[in-house]
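K.L.:
fold the following.
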Amino acid sequence: MELSSPTFAPGGEIPVRHTCEGEDLAPPLHWQGVPDGAASLVLIVDDPDAPDPAAPRTTWVHWVLYDMPPAVAELAEGGRPLPAGTREGLNDWGRHGYGGPCPPIGRHRYFFKLYALDKVLPPLTRPTKAAVEQAMRGHVLAQAELIGTYLKRRP
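P.N.:
A predicted model of the protein is given here:
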């Protein structure tokens with residue numbers, strides 16, 4: 001599978017519009033190559049450089065989507081409307097939805113990870129990244145990754 005965004009190149013800077021310093025809208029995403037036999041898709045966006053890329057201590061979760069239909073090939077800017085049947089997990093702010101880059105120090109990397117699964121996940125009581133990853137274990141048919149970066153302009 002391949003995952004891309006028309007607003008930033010792989011390894012490139014995520015535009016301000018998609019961060020806490022802008023409108024905090026999810027970037028548009030496009031993908032292709034979902035394998036035959038896929039029953040659902042999962043998207044996880046996280047930052048392994050938190051809080052400081054020179055001394056990372058945690059991976060901060062920005063967005064979790066699961067049970068996206070495999071026929072879907074894109075998410076619009078802002079991530080809305082979500083494709084029918086898609087469920088949202090909790091980000092590390094404890095809420096559903098996208099939370100854009102807002103690094104406290106240094107340039108961080110943001111990993112957009114798309115997984116094709118051979119099953120639809122059951123409804124999860126507390127759908128955190130960890131819970132979704134646990135539920136999808138052993139069911140990943142393919143995956144794709146897009147990395148963007150961001151350095152906060154204002155302290």
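K.L.:
got the contact list for the nearest residue to L65 once chain neighbours are set aside?
P.N.:
Closest residue in space to L65, ignoring its immediate chain neighbours: L43 at 4.3 Å, by C-beta to C-beta, 6 or more residues apart in numbering. In this view, the C-beta of every residue, glycine as well, is placed from N, C-alpha and C. Taking C-beta atoms under 8 Å, 6 or more residues apart in numbering, we find L43 in contact with 29, 63-66, 68, 75, 112-115.
K.L.:
from those residues, which ones fall inside helices?
P.N.:
When DSSP state H defines the helices, the subset of the contacts of L43 inside them is empty.
K.L.:
export these as CSV, with columns for pLDDT, neighbour count and distance to G22.
P.N.:
Shown next, in CSV, are the contacts of L43 (pLDDT from 0 to 100; neighbours: other C-beta atoms under 10 Å; distance: C-beta to C-beta, whole Å):
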residue, pLDDT, neighbour count, distance to G22
L29, 98, 21, 17
W63, 98, 23, 16
V64, 98, 27, 21
L65, 98, 25, 21
Y66, 98, 26, 26
M68, 98, 24, 25
L75, 98, 25, 18
F112, 98, 25, 17
K113, 98, 16, 23
L114, 98, 23, 23
Y115, 98, 23, 28
